[in-house]
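1. please work out how this folds:
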Amino acid sequence: MEIKRFTKNDNGFICRHCGKEVKPLGYTSRDHCPFCLWSIHIDINPGDRANECLGDLVPIKAEPDPKKGYVITYRCNKCGEIHRNRAAHEAKVQPDNINLIIKLTSAEI
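-> Numbering: from 1, shown residues only. Here you go, the predicted structure:
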């Protein structure tokens, strides 16, 4: 039996950090706020919403990737776990704030 590693869960939400309304992406699971880039430590596998930590995932770094665009690195402020998520800076609906992503490219962990 194969274990599913991705669950499409493309719901909108209100950002816990900046309070703005975040709309669904329309093509994959939206996992962070496009305005402030913060997220919640809510998934074990993408889209499963099975993690009980629920700490804030703070964006600490972004790196350009030739295949994925930009990848944002997060640190959970509750458990300290590090996560990496693909940026949605080219999304048609609420693209990620490219200025914040570029600023994070010079950040050091």
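2. gap between the residue nearest the centre of the chain and residue 24?
-> Nearest to the mean C-alpha position of the chain, counting by C-alpha atoms, centre = their mean, stands residue 32 at 3.5 Å. Taking C-beta to C-beta, to the nearest Å as the measure, residue 32 falls 13 Å from residue 24. Every residue, glycine included, has its C-beta placed from N, CA and C.
3. so where is the chain shaky, pLDDT-wise?
-> Low-confidence regions of the chain, defined by pLDDT under 70, span residues 1-4, 6-9, 108-109.
4. can you map out the strands along it?
-> 13-14, 21-22, 39-40, 56-65, 69-76, 82-86 (DSSP state E).
5. what comes into contact with the fourth one?
-> In other words, strand 56-65. Here strand 56-65 makes contact (C-beta atoms under 8 Å, 6 or more residues apart in numbering) with 16-17, 32, 37-41, 70-78, 83, 86-87, 100-102, 104-105, 107-109.
6. in ChimeraX, select just the buried ones from these.
-> Applying 16 or more other C-beta atoms under 10 Å to the contacts of strand 56-65, the buried members can be selected in ChimeraX as follows:
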select :17,32,37,38,39,40,41,70,71,72,73,74,75,76,86,87,100,101,104
